[in-house]
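A.B. asks: what follows is a predicted structure for the sequence shown.
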Amino acid sequence: MDIQSQLKHPHLLALHRLIQDQDYLYMIMELCDQGDLFDFVIKDQEINFVREEGLVKTWFHQILDAVEHMHSQAAR
């Protein structure tokens, strides 16, 4: 939670607030009303079994960029 709350990157979900009560810790995060990436890929493959290479490269680059950012912040 400490690292997540400090992460600011366009390809990562933002953690806006933490609320804790006696039993639970609630993480108020950026809304993803379209679902997560896994759901998108599963649902979309029924429509688009083969994806345009450039689009896939763009998405993969965004994922790698976000992972690199997370690792650079965790090393501090």
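C.D. replies: It's in.
A.B. asks: in this protein, where is pLDDT below threshold?
C.D. replies: 74-76 (pLDDT under 70).
A.B. asks: at 90 instead, please
C.D. replies: 1-16, 30-56, 59, 69-76 (pLDDT under 90).
A.B. asks: tell me the residue furthest from the middle of it?
C.D. replies: residue 22 (28.2 Å; C-alpha atoms, centre = their mean).
A.B. asks: where's that residue, which helix or strand?
C.D. replies: Residue 22 belongs to no helix or strand when elements are defined using DSSP states H and E.
A.B. asks: the one 10 residues further on too?
C.D. replies: Under the criterion DSSP H and E, no helix or strand holds residue 32.
A.B. asks: count of neighbours near it?
C.D. replies: When counting by other C-beta atoms under 10 Å, one arrives at 11 neighbours for residue 32. All C-beta atoms are positioned from the backbone trio N, CA, C, and that covers glycine.
A.B. asks: just list the residues touching it, thanks.
C.D. replies: By C-beta atoms under 8 Å, 6 or more residues apart in numbering, the contact set of residue 32 is residue 13.
A.B. asks: all the helices of this structure, residue numbers only.
C.D. replies: 2-6, 37-47, 53-74 (DSSP state H).
A.B. asks: dump those helices to TSV, plus mean neighbour count and distance to residue 31.
C.D. replies: Below are those laid out as TSV (neighbours: other C-beta atoms under 10 Å; distance: least, C-beta to C-beta, whole Å):
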stretch	mean neighbour count	distance to residue 31
helix 2-6	11	16
helix 37-47	10	14
helix 53-74	12	18
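A.B. asks: I'd like to know how far the residue farthest from the centre of the chain sits from residue 1.
C.D. replies: In this structure, residue 22 lies at 18 Å from residue 1, with C-beta to C-beta, to the nearest Å as the measure.
A.B. asks: and for residue 9?
C.D. replies: 16 Å.
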